[in-house]
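Novice: Coordinates for the following, if possible.
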Amino acid sequence: MKKGILICTFLPLLMIAQQRKEVLFIGNSYTYVNNLPDLVKQIALSFGDSLIYDSSTPGGATFNTHTNNTQTLAKINQQQWDYVVLQAQSQEPSFSPGQVANDTYPYAEILVDSIHANSSCTEPLFFMTWGRKYGDQQNCQVYPPICTYLGMQQRLRESYLEMAFNDSASCAPVGMAWKSSIAIDSTLNLYSPDNSHPSIYGSYLAACTFYASIFKKSPVGSSFWPAAIDSNTAYSLQQIGNSTVLDSLAVWNIFNADFSFMQTNDSINCTNLSSNYKSIIWDFGDGNISYDDNPTHIYASSGIYVISMIVFSNGGCISDTLSVNITVNISTEIDEAIRKRKLVEVIDVLGRKGITQKSNVSFFYRYDDGTVEKRIIIE
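Specialist: Next up is the predicted model:
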């Protein structure tokens, strides 16, 4: 292998183009209170993006309810959606693991199957909700872990993530954004007076989280916020939604291309960090490609190359690309050192100096850097 120096400049090609997404929201009052879908739409519009949405959100609906709801099923089949959001009844995913496995997961899977039956290109997006302000006092005697907000939030997190990974779906971590907001400023009341449904602050934080989850872009800097929210609070909620989602895309199983790499002289070792994908192609920019998850590649010559990772999901109809520019300088350090070193002496196999060199006879060349070369003149 040639000795080389690989200089890498990490320049991901950011998705700055305007985007259009068509989204169906399936849920209940946690979604329709304060018209959450429209809040997401207004944030998107402020960045030049478009959100076309519809919803099926009857009050108190569970996943089981939706599997038998003709309106829900009709709307799933209405068109090819980019995303279908799935929000369970607020308590059901927080119950004991055994109860959730029996009463919630099977119906979530039925809904996901219905979504994919309509279009394999649609990505199901689970809406991780928040724990009630004082836990689930109605059911905590039966299952004590949900007697507190934190205990209920933890169960919601576990259940929604398990559904997302089991069903190869994404998850919008609204509940975790709420948890971060409460930790930062517990005086900002995200709840309505019933301590369950969202206030306008809670819905706006949810909308920021959804914008980041759907468009994979930061909501920070949006010029839209409801009139009841001041600009400083709006900016803080934007930041929380941004960091909760975009700092941890793989945690929420959001489909995303990501990788890191290490240099070793003139070779690169790539580590795939992508999430929720089915297949992968690497293009090293020099005419070589790889289908390996974590490939190693050696460059033959100096130059500027673009390494591109392309990941595919949902039957190959959804793709995401991350590209990195690198500059490869194959160093001539060894050759330069060889040219600069000085010959000390030439000896034959008997150690004699000053012997006339003859063809087909071995001679040893000793240099001032301590190296010795064996040469044979062949005619």
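Novice: Looks like N288 contacts Y299 (just checking).
Specialist: No - if you go by CB atoms under 8 Å, N288 and Y299 don't touch, sitting 9.1 Å apart. The way it works is simple: take the backbone N, C-alpha and C, and place the C-beta from them, glycine included.
Novice: out of those two, which sits in the busier spot?
Specialist: Per other CB atoms under 10 Å, whichever of N288 and Y299 has more neighbours is Y299, with 22 against 14.
Novice: List the residues that contact that one.
Specialist: G4, L6, D266, S267, I268, F284, D286, Y305, V328, I330 (CB atoms under 8 Å, 6 or more residues apart in numbering).
Novice: let's see 6 Å
Specialist: D266, V328 (CB atoms under 6 Å, 6 or more residues apart in numbering).
Novice: From N265, how far out is it?
Specialist: According to CB to CB, to the nearest Å, Y299 and N265 sit 10 Å apart.
Novice: just G98 next, same as before
Specialist: Taken as CB to CB, the span from G98 to N265 is 54 Å.
Novice: residues in contact with the most centrally placed residue in the chain?
Specialist: Nearest to the mean C-alpha position of the chain, counting by CA atoms, centre = their mean, stands L249 at 3.4 Å. Contacts for L249 were tallied using CB under 6 Å, 6+ apart; they are N256, S275.
Novice: Check it and give its pLDDT.
Specialist: pLDDT, L249: 96.
Novice: Mind checking what secondary structure it has?
Specialist: At L249 the chain is in coil, as set by DSSP: H, G, I helix; E, B strand; the rest coil.
Novice: low-confidence ranges in the stretch 1-150 of the chain?
Specialist: 1-16 (pLDDT under 70).
Novice: how about 90 then?
Specialist: Regions of the stretch 1-150 of the chain meeting the criterion pLDDT under 90 cover residues 1-17.
Novice: What ranges does it have for its helices?
Specialist: 29-32, 36-46, 63-67, 70-76, 97-103, 105-118, 149-166 (DSSP state H, counting those that start in this stretch).
Novice: Tell me which of those sits nearest to Y201.
Specialist: Nearest to Y201 among the helices of the stretch 1-150 of the chain is helix 36-46 (11.3 Å), distances taken as CB to CB.
Novice: Can you give me the buried ones in the closest one?
Specialist: L36, P37, L39, V40, K41, Q42, I43, A44 (16 or more other CB atoms under 10 Å).
Novice: Can you tell me which of those is closest to I115?
Specialist: So of those, ranked by how close each gets to I115 (CB to CB), first place is P37, at 17.1 Å.
Novice: Looks like that closest one contacts F25 (just checking).
Specialist: Yes - between P37 and F25 there is a contact under CB atoms under 6 Å: 5.1 Å.
Novice: Tell me the confidence at the closest residue to S120 other than its chain neighbours?
Specialist: Leaving out its chain neighbours, the residue that sits closest to S120 by CB to CB, 6 or more residues apart in numbering is G315, at 4.0 Å. According to the prediction, G315 has pLDDT 82.
Novice: G315: what secondary structure?
Specialist: helix.
Novice: Count the neighbours of it for me.
Specialist: G315 - counted by other CB under 10 Å - has 11 other residues nearby.
Novice: Do I have it right that it meets E123?
Specialist: No - using CB under 6 Å, G315 is not in contact with E123; the gap is 11.3 Å.
Novice: How much space separates F126 from V251?
Specialist: 13 Å.
Novice: Of these two, which one has the most company?
Specialist: Applying other CB under 10 Å to F126 and V251 shows that F126 carries more neighbours, namely 27 against 14.
Novice: For that one, give me its contacts.
Specialist: L86, Y160, M163, A164, A169, C171.
Novice: who wins for most neighbours among those?
Specialist: Going by other CB under 10 Å, Y160 tops the contacts of F126 with 29 neighbours.
Novice: Could I get the contacting residues of the residue nearest to it when sequence neighbours are not counted?
Specialist: Spatially, and ignoring its direct neighbours in sequence, Y160 is nearest to M128 (4.0 Å; CB to CB, 6+ apart). The neighbours of M128, taking CB under 6 Å, 6+ apart as the test, are Y160, C171, P173, V174, G175.
Novice: Recalculate using a threshold of 10 Å.
Specialist: 87-88, 93, 153, 156-157, 159-161, 163-164, 171-178, 206, 209, 213, 252 (CB atoms under 10 Å, 6 or more residues apart in numbering).
Novice: again, but for S260
Specialist: So S260 contacts F10, N269, C270, T271, N272, L273, V324 (CB under 10 Å, 6+ apart).
Novice: what bridges to it?
Specialist: Under the criterion DSSP bridges, S260 forms beta bridges with T271.
Novice: What score does R341 have for pLDDT?
Specialist: 73.
Novice: Look up how far N265 lies from it.
Specialist: Counting by CB to CB, the gap from R341 to N265 is 22 Å.
Novice: H197 now?
Specialist: 59 Å.
Novice: Kindly report the domain assignment for this protein.
Specialist: 20-246, 256-333, 342-376 (automatic domain parsing).
Novice: between the contacts of F126, which is nearest K133?
Specialist: Nearest to K133 among the contacts of F126, with distances taken as CB to CB, is Y160, at 19.0 Å.
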